[in-house]
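Q: Build the 3D model from these lines:
(4 chains)
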Number of protein chains: 2
Amino acid sequence: MDAEAIKRSLEGSGLRCTPQRYAVMAFLMKHNRHPTAAEIFEAVNRVDPRSSRATTYNNLRDLVQAGLVREVAVEGRAARFDAKGVRHHHFICDRCGKVEDIEWCDVPRPASGSLGKRILRECELIFRGLCTKCAPRRHASRSVS
Amino acid sequence: MDAEAIKRSLEGSGLRCTPQRYAVMAFLMKHNRHPTAAEIFEAVNRVDPRSSRATTYNNLRDLVQAGLVREVAVEGRAARFDAKGVRHHHFICDRCGKVEDIEWCDVPRPASGSLGKRILRECELIFRGLCTKCAPRRHASRSVS
DNA sequence: GACAAATTTAGACTATATCTAATGTGATAT
DNA sequence: ATATCACATTAGATATAGTCTAAATTTGTC
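A: Numbering: from 1, shown residues only, chains lettered A, B, ... in the order given. Next comes the predicted model:
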């Protein structure tokens, strides 16, 4: 996405295209990892225009409010704990960050049902509760009681 | 779960059953919300035995290491951001807290496939990306690009 | 250019979590 | 019983993430 397009996108959402705001938005569009505010702050400040910490946070807030950026994995930013009594999954709301328990369910095996392969791949993630990197190599099952 | 059972469970994991440790564990077993460390600290300290902040955090760490407690929604405790370019879901690993994008996929409609109703209910949560409370009331579709 | 509104800024402040060094506790050997 | 030693606890210092404030600056408009 080129500079003009970013400018239009900001102004289309009722935000002025200030140098600092532009820098934050451009950085987020260029890097599709999920950077923290601190990483964005640092990256933006390696070159002109500089941007104070407050401005970086303000701009992130504005971009999220405008619907141009998503904030993920929130939940008040404090760790939460859970005695492993009944086996269950955790689901985290995209909007409010609430942690919701969902009933335990094993990974569905057959890929032939009315739900296609793509859905299964996504189901497997949540059913397993582990990302691709952390998932056990083979058919080994991990205790998540 | 009674006091003896908690004691056995701690000792079975190689942890001494100290008053402070017991209090944290008992609190977590009794309340199946997902309290923060601060909430646990406060609750435990409303009555004897008192427990310092460091001890509360240490005990939580020990309980997690021993596999008796889970820490949910981690990810280094810093918010992460994401320019809403391509529509996708976010999956957060239960073990390492990594945020992983998964390809966008609409909520599957039919409940009659080879995957049962229960699976569908769980799929819907992740496919929608919103918890029960935040989900739009009816068939309204939310823009999550 | 002058004005008002929006934006940026440095730094103080709050909240969450970890570290440190001193002290306390409990099981075991003597 | 008591000396010992590993394990636990403590208060307080420190670190990190984020917010707030009040003043200064920039921007769009007349």
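Q: touching DNA strand C at all, the host helix or strand of residue A:41?
A: Under the criterion DSSP states H and E, the helix or strand holding residue A:41 is helix A:37-44. No: if you take CB under 7 Å from any atom of the strand as the test, helix A:37-44 misses DNA strand C, and the best it gets is 9.1 Å. Backbone N, C-alpha and C define where each C-beta goes, glycine included.
Q: on contacts alone, who are the packing partners of the very next helix or strand once past that helix?
A: Sequence order places helix A:53-66 as the next helix or strand after helix A:37-44, per DSSP H and E. Contacting helix A:53-66 under the criterion 3 or more CB pairs under 8 Å, 6 or more residues apart in numbering or on different chains; DSSP states H and E are the following elements: helix A:19-30, helix A:37-44, strand A:69-72, strand B:80-83.
Q: Turn those into JSON lines, including mean pLDDT.
A: Below are those laid out as JSON lines (pLDDT from 0 to 100):
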{"stretch": "helix A:19-30", "mean pLDDT": "88"}
{"stretch": "helix A:37-44", "mean pLDDT": "85"}
{"stretch": "strand A:69-72", "mean pLDDT": "78"}
{"stretch": "strand B:80-83", "mean pLDDT": "65"}
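Q: In CSV, list those along with distance to residue B:59 and mean neighbour count.
A: As requested, the helices and strands packed on helix A:53-66 are arranged in CSV below (distance: least, CB to CB, whole Å; neighbours: other CB atoms under 10 Å in any protein chain shown):
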stretch, distance to residue B:59, mean neighbour count
helix A:19-30, 39, 19
helix A:37-44, 29, 18
strand A:69-72, 29, 20
strand B:80-83, 28, 21
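Q: pretty sure residue A:26 contacts residue A:5?
A: No: if you go by CB atoms under 8 Å, residue A:26 and residue A:5 don't touch, sitting 10.3 Å apart.
Q: Low-confidence stretches in chain A?
A: Counting by pLDDT under 70, the ranges of chain A that qualify are A:1, A:32, A:73-145.
Q: Run through the residues of it sitting next to DNA strand D.
A: If contacts are counted using CB under 7 Å from any atom of the strand, the residues of chain A sitting beside DNA strand D are A:16, A:17, A:18, A:19, A:36, A:37, A:38, A:53, A:54, A:57, A:61, A:77.
Q: Taking these, please make a PyMOL selection of just the buried ones.
A: Isolation of the buried members of the residues of chain A next to DNA strand D (16 or more other CB atoms under 10 Å in any protein chain shown) is achieved in PyMOL through the command below:
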select buried, chain A and resi 36+37+57
